[in-house]
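Novice: Next input, structure requested:
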Amino acid sequence: MKIEDYLKAGERIDDLQRNQYKIIQNSKKFCFGMDAVLLSGFAKVKEGEEVLDLGTGTGIIPLLLEAKTEGKHFTGLEIQAESADMARRSVAINGLDEKINIVTGDIKEASNLFGAASFHVVTSNPPYMNNNHGLTNKELPKAIARHEIHCTLEDVVREAARVLKPGGRFYLVHRPFRLVEIITVLTKYRMEPKRMKMVHPFFDKEPNMVLIEAVKGGGSMIKVEAPLVVYKEPNVYTDEIYDIYGY
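Specialist: Purely as a prediction, here's the structure:
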């Protein structure tokens, strides 16, 4: 099949700038953002490890982690059937069917779907906004991706804790305004925060993202890493951002 044969109406193919990998997206539905790319740069996956991405959308994080790491196998879990279908076709056009599996299902049922202690690493770029932040249209894919309509932060952390092996690592990108809640929920499920990095749009602006690594059953000590600055001037990325993107 030609690559174009994998596309449906309204879809396009984007170059991921890694291993010549491509991804199918639909701008009228939901396209991946910088947060997913930064999470793929922050997460550490060792040789032979198995990874689960909760709320994988169109599969961006499994695709990037497969390109960047020596992980053995990557699974993406996505509740929206249309997004999961796009993710599967992206896996297919890159010839990665044996390395990446996309499952249509609910994050709240992850431990039932995959079983306890099944993964070395779990990643998630979950909905950031709870019911107290912003208006939602529950019929729109973008609303489901951005608002806690189908799952809450606690659902994500609880299921990550259940499917992780002892000592397994959980990588999360979220918003700083929910940091106290994030740490509280992580420690509730014995997911000890070990690394944290704030992401700032410019060096003199407050952070708008936070990257966190938590270890299942880990000891109580956290390393706050140097902040990541996205732009050195308007429309010009910093060298670190160019490196993460692979330009």
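Novice: Okay, buried residues for stretch 218-226 please.
Specialist: G218 (16 or more other C-beta atoms under 10 Å). The way it works is simple: take the backbone N, C-alpha and C, and place the C-beta from them, glycine included.
Novice: quick one: contacts of that stretch?
Specialist: G167, M191, E192, P193, K194, R195, M196, K197 (C-beta atoms under 8 Å, 6 or more residues apart in numbering).
Novice: Now do the SS call for the last one.
Specialist: At K197 the chain is in strand, as set by DSSP: H, G, I helix; E, B strand; the rest coil.
Novice: re earlier: can you list the contacts of stretch 218-226 in TSV and add neighbour count, distance to D204 and pLDDT?
Specialist: Shown next, in TSV, are the contacts of stretch 218-226 (neighbours: other C-beta atoms under 10 Å; distance: C-beta to C-beta, whole Å; pLDDT from 0 to 100):
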residue	neighbour count	distance to D204	pLDDT
G167	10	39	97
M191	27	33	98
E192	19	32	97
P193	22	27	98
K194	17	28	98
R195	17	24	98
M196	19	21	98
K197	20	18	98
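Novice: Can you add distance to G71 and give the residues you listed back as JSON lines?
Specialist: Shown next, in JSON lines, are these (distance: C-beta to C-beta, whole Å):
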{"residue": "G167", "distance to G71": "16"}
{"residue": "M191", "distance to G71": "20"}
{"residue": "E192", "distance to G71": "22"}
{"residue": "P193", "distance to G71": "22"}
{"residue": "K194", "distance to G71": "19"}
{"residue": "R195", "distance to G71": "18"}
{"residue": "M196", "distance to G71": "23"}
{"residue": "K197", "distance to G71": "21"}
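Novice: so, if you compare the residues you listed, which one comes nearest to G76?
Specialist: Closest approach to G76 among the contacts of stretch 218-226 (C-beta to C-beta): M191, at 20.5 Å.
Novice: quick one: contacts for that closest one?
Specialist: Applying C-beta under 8 Å, 6+ apart, we find M191 in contact with V157, A160, A161, F170, A214, V215, K216, G218.
Novice: which one of the contacts of stretch 218-226 sits closest to Y21?
Specialist: Once C-beta to C-beta is applied, the member of the contacts of stretch 218-226 that ends up nearest Y21 is K197, at 24.8 Å.
Novice: just to revisit the earlier point, among the contacts of M191, which are located in strands?
Specialist: F170, A214, V215, K216 (DSSP state E).
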